[in-house]
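> Pasted the sequence and its predicted model underneath.
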Amino acid sequence: MLSGGQAAGGHNVIVGIYDYIKRVHKNSQLFGFLNGPKGIFIGDYVEISETQIGYFRNRGGFDMICSGRDKIEEPEQFERSLKYCESLKLDGLVVIGGDDSNTNAALLAEYFLAKGSQIKVVGCPKTIDGDLKNEYVEVSFGFDTACKTYAECIGSIMADTLSSKKYYHFIRLMGRSASHIALECALLTRPTYAFIGEEVEAKQQTLQQLVAQLVDIIIQRAAKGKNYGVVLIPEGLVEFIPQMNKLISEINKLDAGVTSSDSEQLRAIILDKLSESSRHLFDFLPNDIANQLLLDRDPHGNVQVAKI
């Protein structure tokens, strides 16, 4: 099963599984649940043939069986997932996905075990964010391709910037709550400056300090006649700033008891209830950014950093 966003290499995981089980026993069968986790609990699957394997070998995309972002959460969904897996007499279920998908796979494994099932659930780390790195996984597939693609785009922008010598470009890179992509792209392209969230957290830097740091760089370059540059910013930078984390935590607690369809009224109500330090920070933020902190959280209760 493929789950979550697409990443180059997904097809080759399926190809590798197919090659292995056929080598162990030529009559082994490989089934693919269609369109992500939903395919498991509605019983939507296909048997993967040698013809398909030949066609999709070394091809990008997830279109062999397609992916999805549904989650197996409800008791009925767990029950039906087990039912369909057992009806196929599966020895194992491989979930190819990122952090959320592997968390869901772990819950599914616990459910299968609790019900006495012999089906093994295996999680295969797939994420361009690179945030599943550990002693067993040096880098998840998709990360290298993403970095090379981003680096090519950044390199082109840097060439244009050097040609015009009159613009600053601020490039925000994906990565959710990790700066691995930003760091790798910085090492590949050597931009004017790159913010690294983990470094900001380690140094306990404030938003004001980050702004001042960037302003100093621009002033120093201007003194040398360089009024141009490229700055890389990781997607989840705000979550690494301690004071921002404190502000977000306070807003999360207040948000549950505050309702208003008027963003200005909601802002005023929350501003009045924040601690003094968080109030100053919230007031310091541009209205657009401050209002985006009031948006609905994602399914895991996190700030939607991609919208900030």
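Alright, I've got the coordinates. Numbering: from 1, shown residues only.

> Which stretches in the stretch 51-200 of the chain count as strands?
92-97, 120-125, 168-173, 193-194 (DSSP state E, counting those that start in this stretch).

> so of these, which one's packed in deepest?
Ranked by mean neighbour count, the strands of the stretch 51-200 of the chain are led by strand 92-97 with a mean of 22 (mean count of other CB atoms under 10 Å). For the C-beta atoms, the positions are set from N, CA and C on the backbone; glycine is no exception.

> Please export the alpha-carbon coordinates of that one; PDB is fine.
Backbone C-alpha positions of strand 92-97 (Å, rounded to 0.1, in the frame of the first residue of the first chain) are rendered in PDB as follows:
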ATOM      1  CA  GLY A  92       2.400  -9.500   5.500                       C
ATOM      2  CA  LEU A  93       1.200  -6.000   4.800                       C
ATOM      3  CA  VAL A  94       3.700  -3.400   3.700                       C
ATOM      4  CA  VAL A  95       2.800   0.300   4.200                       C
ATOM      5  CA  ILE A  96       5.000   2.600   2.200                       C
ATOM      6  CA  GLY A  97       4.600   6.100   3.700                       C
END
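
> Please parse the chain into its domains.
Domain ranges of the chain: 10-126, 166-240, 242-307, per automatic domain parsing.

> So which bits of stretch 56-69 are buried?
Judged by neighbour count using 16 or more other CB atoms under 10 Å, the buried positions of stretch 56-69 are 56, 62, 64, 65, 67, 68.

> possible to save the strands of the stretch 51-200 of the chain as CSV with mean pLDDT and distance to residue 284?
CSV is the format used below for the strands of the stretch 51-200 of the chain (pLDDT from 0 to 100; distance: least, CB to CB, whole Å):
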stretch, mean pLDDT, distance to residue 284
strand 92-97, 95, 38
strand 120-125, 93, 38
strand 168-173, 96, 19
strand 193-194, 97, 22
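
> follow-up on the earlier one: mind putting the buried residues of stretch 56-69 into a markdown table with distance to residue 112 and pLDDT?
Formatted as a markdown table, the buried residues of stretch 56-69 follow (distance: CB to CB, whole Å; pLDDT from 0 to 100):
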| residue | distance to residue 112 | pLDDT |
| --- | --- | --- |
| 56 | 28 | 95 |
| 62 | 24 | 91 |
| 64 | 25 | 95 |
| 65 | 21 | 96 |
| 67 | 22 | 93 |
| 68 | 20 | 91 |
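
> Which one of the strands of the stretch 51-200 of the chain lies nearest to residue 239?
strand 168-173 (13.5 Å; CB to CB).

> Quick one: residues in contact with the closest one.
Contact with strand 168-173 is made by 150, 154, 157, 161, 181-182, 185, 191-192, 218, 228-235, as judged by CB atoms under 8 Å, 6 or more residues apart in numbering.

> Paired strands for that strand, with orientation please.
strand 229-234 (parallel) (DSSP bridges).

> just so I have it, where are all the helices in the stretch 101-250 of the chain?
Applying DSSP state H, counting those that start in this stretch to the stretch 101-250 of the chain gives helices spanning 143-164, 180-189, 197-202, 207-223, 242-255.

> mind checking how far the third one is from the chain centre?
Looking back up the chat, that one is helix 197-202. Here helix 197-202 is found 18 Å from its chain centre; the criterion is CA atoms, centre = their mean, to the nearest Å.

> buried stuff in it?
197, 200, 201.

> Next, the contact list for the last one, please.
Remark: with contacts taken as CB under 8 Å, 6+ apart, residue 201 is in contact with 240, 241, 242.

> Distance of the first one relative to residue 174?
This points to residue 240. 15 Å (CB to CB, to the nearest Å).

> Contacts for stretch 52-59, please.
With contacts defined as CB under 8 Å, 6+ apart, stretch 52-59 is touched by 11, 12, 14, 15, 18, 19, 63, 64.

> Tell me the one of these nearest residue 94?
Nearest to residue 94, judged by CB to CB, of the contacts of stretch 52-59 is residue 14 at 8.4 Å.

> ok, now which ones touch the spatially closest residue to the closest one that is not a sequence neighbour?
Leaving out its chain neighbours, the residue that sits closest to residue 14 by CB to CB, 6 or more residues apart in numbering is residue 64, at 6.3 Å. The contact partners of residue 64, by CB under 8 Å, 6+ apart, come to 2, 11, 14, 32, 48, 52, 56.
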